[in-house]
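>>> Here is my input; please provide its structure:
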Amino acid sequence: MKAALQAHLLWLFVEGLEECSPKSSFGPPIDMDNKSIIPTSLEYKEWTTSKKKYLDWLCSDSATVGFM
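Predicted coordinates for the structure are as follows:
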């Protein structure tokens, strides 16, 4: 089992060495009128980056459990 998980770069999840990324806020930042997101803003870029890191970690962790 260890060899199979290592081959897919998932063994760190089993050993607890791959820490979960912080969960991002639930919604993207919006403009002052509370009507729309601002895709070019720094806050939006930070939000999408943190959300992607969290979802990537969640998918990898789920894949590890699936292998086992």
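>>> For Cys59, what are phi and psi?
In terms of degrees, to the nearest 10, the main-chain angles of Cys59 are phi -70, psi -40.
>>> Tell me how far Leu58 lies from Ala3.
24 Å (CB to CB, to the nearest Å). Every C-beta, even on glycine, is put in place using the N, C-alpha and C of the backbone.
>>> what's the helix or strand for the closest residue to Phe67 other than its chain neighbours?
With CB to CB, 6 or more residues apart in numbering as the criterion, Phe67 has its nearest non-adjacent residue at 5.8 Å, and that residue is Leu5. In the assignment (DSSP states H and E), Leu5 maps to helix 2-7.
>>> one step back: shouldn't the residue nearest to Phe67 be in contact with Gly66?
No. At 10.6 Å, Leu5 and Gly66 do not qualify as touching, with contact defined as CB atoms under 8 Å.
>>> So between the two, which is more surrounded?
Taking other CB atoms under 10 Å, Leu5 and Gly66 do not tie; Leu5 has more neighbours (18 against 8).
>>> in stretch 50-66, what's buried?
For stretch 50-66, the neighbour count (16 or more other CB atoms under 10 Å) marks Lys51, Trp57, Thr64 as buried.
>>> what ranges do the strands span in this protein?
Counting by DSSP state E, the chain has no strands at all.
>>> Among the buried residues of stretch 50-66, which ones are in helices?
Lys51, Trp57, Thr64 (DSSP state H).
>>> nearest to Glu43, of those?
The nearest member of these to Glu43, counting by CB to CB, is Lys51 at 12.3 Å.
>>> His8 and Lys2: what is the separation?
11 Å.
>>> before we move on, the earlier item: same list (the ones in helices among the buried residues of stretch 50-66) but as JSON lines, adding pLDDT and distance to Tyr44.
Putting those into JSON lines (pLDDT from 0 to 100; distance: CB to CB, whole Å) gives the following:
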{"residue": "Lys51", "pLDDT": "87", "distance to Tyr44": "10"}
{"residue": "Trp57", "pLDDT": "88", "distance to Tyr44": "21"}
{"residue": "Thr64", "pLDDT": "86", "distance to Tyr44": "31"}
